[in-house]
Each structure stands twice: as C-alpha cells, then as structure tokens.
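I would like the atomic coordinates for the input below:
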Amino acid sequence: MRRLAPRRRGTTVFAEGVMGRERLNRLDLLLRVARPALAVCALALGALALSTLVPSPPALADRPADPSRLVLSDSLRGGGFATEGGLFYKENAEQSAGRVDFQERLARTDRGGLTLTVFPSCRSPAAACSERAEVWERPDVLAPYDRPVWYGFSMHMDDPLPQDDGRYVMAQWKREILPETDGDYSPFLALRLYGGRLGFTVETDLVEAFPVGGPQRPTGCRDGEARVLSRPTVRQTRALVAIESGTSPANYPAYFDSCAPGIAVTRHADLPTAQRGWIDFVVRSQPGPDGDGHVEIIANGVRIATIRGHIGHRGPGLDRNQYFKFGPYRAPNHMPWSVSYGDFRRGPRCADVIRGGQCPAE
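Model prediction:
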C-alpha cells in the first residue's frame, strides 16, 4: 500500500518566518475579497447540478386548475420517467427489494418499455407483509376523487406466470388516505391474477349481498348483479367484474360466493388471456361510494365491461384525491416475479388515451 509522505513544515507552508507572515496576510486579504464571489459561484453550481439531477415538473402556467383535465403520457422508454408523464418509482421499505429496468427492446417481446421485478423480501411466507415494485402517479398530478379520469397502458405478463391463487395485483386505483388514519382500504379498482387468469375487481364500503344458493339467490346472481366477496371485518365488499376468456362463474374463486344488487355489471366480452402477449388496457376511473360510480374496461380495443353503482370508499381519514399505480404487488413468495409495461396515458376523455377500437358513449 502506498503511504503518503508527511508534509514539510516550512515558511512557504505554515508561515513560521517573517516572509511567511507576509504571504499569509496577503492570502487572507485575497480570500476576504474573493469569498463573496466564490459563495455565489458555489450556489450557482449547486443549483445547476440539482436541475440536471431532478427533472422539473411541467410549468404551473401549463397546467389546468383541475388536475383531472391534464393529458399525460410516457412511453416508459429512454432510461427514465418522462416529465410529461407524471410518474415516479416510490422509494420505501416495501419497495426496497424491487427492481426497475428501462429497456429499448424487451427480450422476447420485440417492444420497448419498463420491466418491474419484485424479489422475495419477507422473512417467511406467513409474514404479515407485502412485496412490491410499483410506479406511482406524482402527488402534483393527482385528480380529485369525484372526477372521471381515463387511463391507458400496455402490459406483458412475463414468464414464469404465477399459477397459484395468491394475492397478485398488477395495477390498482386507490383513494388517498391521511397518515393518521387507522385501518386500510383496498383499491376501489384493481387488475389481478387468479390462478394464472386475469381479472378486474371493484371494491366499496360493505353493501347488501345475498349468498348464492340461499333463499334470495337459490340458482345464482340475477342479470347485472356483481358476484362479490363480503368482508365484514374490514367493512368492505369486493366484486369480480371481469375475468379472462374461458372462465365461467362456476370457475370463479370460490370466495366470490354472493350477489350484490348495488354493483351493476354489464359484461360485453371476456378479458384476453394472460399468456397472449402485450395487452393494451383503457380504463375509465370514476369512483362513487354513494352509488354513482362508473368504470369502463377496454382491452385491445374491445369493450370488456361497464360497472355502475357503489364503487370506492367514504369516511373519516380519507383524502380528496384518487391515484393510480402499476407494477407487481403480492403476498410473500419465494420466487421473483416480473411484469413489463409500456405506453402510459392519462386524460379526461377516452379519446385522449384510446389506441384502437371505439370509445363508449359518455
């Protein structure tokens, strides 16, 4: 190992003689004169460095007063998030084991985009924790909870595709919760995986539901009624409103065992299969916990489902905005899991985000 030679103590270094004192005085005078200018330069250089490291949000003058009127887009290429897309990867403990990979061309898909991977991070499969690698909307672009917002994004389910019935979520829409709120609220709209099959759910405060096979619904749900799971311990009701092609109500997860008249579902078509490759989703998000909610789901230009009625949550501790996030989220697991995304869009109208097919009448 190289050792540094000790510094020599002499008049030119420590000013121990008369000559040294004169040089020290001249140096001190120069520093006093130059110090203000050096401080200004340092501040300017610091600001320049900060501006190159942290992308600036769109100018306030370019934003509408109502954030739900914003038109946002991000191809999810180019090595980072586009300022005009309003997205970011949230750094927190739950996401510490996640990985973000921007790629110009994704392997096996011949498309560019963003691959999000979640790795095992919980101590055991029974641990009360979750594993996630999610991209969020930035706080400054969030739309009010009571406004309709249209979203578009492409998704590819990477191999290996989980085949169990664990808690797998690839995209979710939620209401902001104040930090001091006691309890948790599930997403009012979510894209999930059930035994390797795609499904959309909506969630609301606990509503009236009738068990299938009971006296009110002896042979199943009536036309337009949602198939639901009642969750009285958290006072919420979850409805399975769209499912992958080839899945009938008889093949739904057994816990969706009741019918809810307060959540009306019109099924136009089934979801594409998870193994199909890239799927382009267009979704209308409009929660309405009092019964005036309205969700539309479109996949690859095909209208999948219209959901109206009780959608979302109300009550103390809930804030005024809705927000969207996407990426793999799951209960503890021993294997990595990757999902790829591309072409994020958001706007106040379907026409702002549609890539194929027709928009439903609003």
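
where does the stretch 251-362 of the chain have low pLDDT?
251 (pLDDT under 70).

can we see that at 90?
Applying pLDDT under 90 to the stretch 251-362 of the chain flags residues 251-254, 275-277, 315-317, 332-333, 361-362.

residue boundaries of the helices in it?
For the stretch 251-362 of the chain, applying DSSP state H, counting those that start in this stretch gives no helices.

for it, what spans make up the strands?
258-267, 279-285, 288-299, 302-311, 318-330, 337-347 (DSSP state E, counting those that start in this stretch).

Quick one: closest of these to Ala93.
Among the strands of the stretch 251-362 of the chain, strand 318-330 comes nearest to Ala93, with 14.1 Å by Cβ to Cβ. The way it works is simple: take the backbone N, C-alpha and C, and place the C-beta from them, glycine included.

what angle separates the closest one from strand 279-285?
160 degrees (axes from the mean of the first three to the mean of the last three Cα atoms, to 10 degrees).

In contact with the spatially closest residue to His313 that is not a sequence neighbour, which residues?
Using Cβ to Cβ, 6 or more residues apart in numbering and skipping residues adjacent in sequence, the residue nearest His313 is Tyr185, 5.0 Å away. Neighbouring residues of Tyr185 by Cβ atoms under 8 Å, 6 or more residues apart in numbering: 174-175, 177, 203, 236, 313, 318.

Relative to Thr115, how far out is Tyr185?
Shown here: Tyr185 relative to Thr115, a distance of 29 Å by Cβ to Cβ, to the nearest Å.

partners of Val339 in the sheet?
Leu116, Met157 (DSSP bridges).

swap in Val135?
Judged by DSSP bridges, the bridge partners of Val135 are Tyr89, Phe326.

Could you pull up the contacting residues of it?
With Cβ under 8 Å, 6+ apart, Val135 has these contacts: 81, 87-90, 100, 114, 116, 325-327, 341.

Turn these into a markdown table, columns for distance to Leu271 and neighbour count.
Formatted as a markdown table, those follow (distance: Cβ to Cβ, whole Å; neighbours: other Cβ atoms under 10 Å):
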| residue | distance to Leu271 | neighbour count |
| --- | --- | --- |
| Phe81 | 28 | 20 |
| Leu87 | 24 | 22 |
| Phe88 | 28 | 13 |
| Tyr89 | 27 | 18 |
| Lys90 | 27 | 15 |
| Val100 | 26 | 15 |
| Leu114 | 22 | 25 |
| Leu116 | 21 | 26 |
| Lys325 | 20 | 19 |
| Phe326 | 16 | 25 |
| Gly327 | 19 | 26 |
| Tyr341 | 17 | 22 |
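
looking at the strands of the stretch 251-362 of the chain, which is closest to Arg167?
strand 318-330 (5.7 Å).

Okay, buried residues for that closest one please.
Residues of strand 318-330 classed as buried by neighbour count (16 or more other Cβ atoms under 10 Å): 318, 321-330.
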